[in-house]
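Enquirer: sequence first, then the predicted structure:
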Amino acid sequence: MSLALVTMSHSPLLGYNDPAPEVKAEVDNAFASARAFVSEYDPTLVVSFAPDHYNGFFYDLMPPFCIGYEALGVGDYGTAEGPLNVPTGTAEKLAEWVAERDLDVAISRKMEIDHGAIQPLEILFGGIDTVPTIPVFVNGVAKPFTRMVRVRRLGEAIGSFLATLTDERVLVIGSGGLSHDPPVPQWATATEPQRALLLNGRHPTAAARDARQERVIQTGRDFAAGTATIQDLAPEWDRALMAVLASGDLSPIDAMNPTQMAHEAGNSAHEVRTWVAAFAALSAAGPYRVGYAYYRPIREYIAGFGVMTAQTAR
Ligand SMILES: O=C(O)/C=C/c1cccc(O)c1O
Ligand SMILES: [Fe+2]
């Protein structure tokens, strides 16, 4: 049984704050390479590991992981709104398989997902319902964070299930990261209105959504201009992580410390958990080979921006 993987940074600022034309062309080329890889593999099932940014998951009930049995996009930053094509029966079996392997994972029969999960589907498939997709939420923004070994184990358990689906060609996606520190409020330092959003900010008014997005877009512009106060990107940290993921030996990930990750690479660097889960899932089907890798720190997107493709080695 073989599996395929695409991991990619997302940024809601794509199309809002574009970098210099040659950098934008590089990113477009990276997306085109990932698309070509996916098109050749022709997946029949996608498992998408993605974070959320207080659009679907809030502090009224914040799980570290959640498998979606049904899901819909919320439509933030112009991304698609509406239902995904989730194979509910397979998602249910996946959650049971994971629970039997001693891992605690939440489930949702109505998962609301934002640009973190939607953007890769739109970039790779041109839509959110073209290929059956099981969304797996991996908390990458809301403290407290699980130890990284739990993320690796979850990925491996999901991969071991996927390896039993011999009639499917499964693509795993990891969306997020790499180093970045966008102006997503932190509970400890949030104002009262921000805390209300973090606690239960579902379905904001159009005006509230626009105000939030405008603030992030402006921060991206300020960051590119060198005037923002957010933490800088950490290209060496990003490249080192990509090297570990490409090496096939994920064990060094277990030693990564959540506090240190945020300190070195920004609060939202925890989104790399999705990459770790995706690579761990891939590793469950045997040794793998990375076919394509792109990286550049892009301040306009507030992202250490990376794209990788990989596949089970034959
Ligand atoms: O949720 C937001 O408003 C912003 C999120 C964001 C900004 C920059 C890079 C990212 O990966 C993000 O998710
Ligand atoms: Fe994000």
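Expert: Yep, it's here. Numbers count the residues shown, from 1 in each chain. Ligands and ions are numbered 1, 2, ... in the order given.
Enquirer: give me the helices and strands touching whichever strand or helix holds residue 116, please.
Expert: Here residue 116 sits within helix 115-125, counting by DSSP states H and E. Packing partners of helix 115-125 (3 or more Cβ pairs under 8 Å, 6 or more residues apart in numbering; DSSP states H and E): strand 3-8, helix 21-41, strand 45-50, strand 71-74, strand 133-138, strand 170-175. (Glycine included, C-beta is placed from N, CA and C.)
Enquirer: near ligand 1 at all, the shortest one?
Expert: No: legend: contact between strand 71-74 and ligand 1 by Cβ under 6 Å from any ligand atom is lacking; minimum distance shown is 10.9 Å.
Enquirer: could you export that strand as CSV, CA atoms only?
Expert: Listed next in CSV are the C-alpha coordinates belonging to strand 71-74 (Å, rounded to 0.1, in the frame of the first residue of the first chain):
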residue,chain,number,x,y,z
ALA,A,71,-17.5,19.5,7.6
LEU,A,72,-18.1,22.9,6.1
GLY,A,73,-16.0,25.8,5.2
VAL,A,74,-16.8,29.1,7.0
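Enquirer: how distant is that strand from the center of its chain?
Expert: 15 Å (Cα atoms, centre = their mean, to the nearest Å).
Enquirer: could I get the helices and strands packed on helix 115-125 as CSV with mean pLDDT and mean neighbour count?
Expert: Compiled in CSV, these are given as follows (pLDDT from 0 to 100; neighbours: other Cβ atoms under 10 Å):
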stretch, mean pLDDT, mean neighbour count
strand 3-8, 98, 28
helix 21-41, 98, 15
strand 45-50, 98, 27
strand 71-74, 98, 23
strand 133-138, 98, 28
strand 170-175, 98, 28
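Enquirer: before we move on, the earlier item: now do the helix holding residue 116 against strand 45-50, angle only.
Expert: 140 degrees (axes from the mean of the first three to the mean of the last three Cα atoms, to 10 degrees).
Enquirer: for helix 115-125, which outside residues touch it?
Expert: With contacts defined as Cβ atoms under 8 Å, 6 or more residues apart in numbering, helix 115-125 is touched by 6, 8, 10-12, 14, 31, 34-35, 38, 46, 48, 50-53, 71, 73, 76-77, 79-80, 84, 127-128, 131, 133, 135, 137, 140, 173, 175-176, 271.
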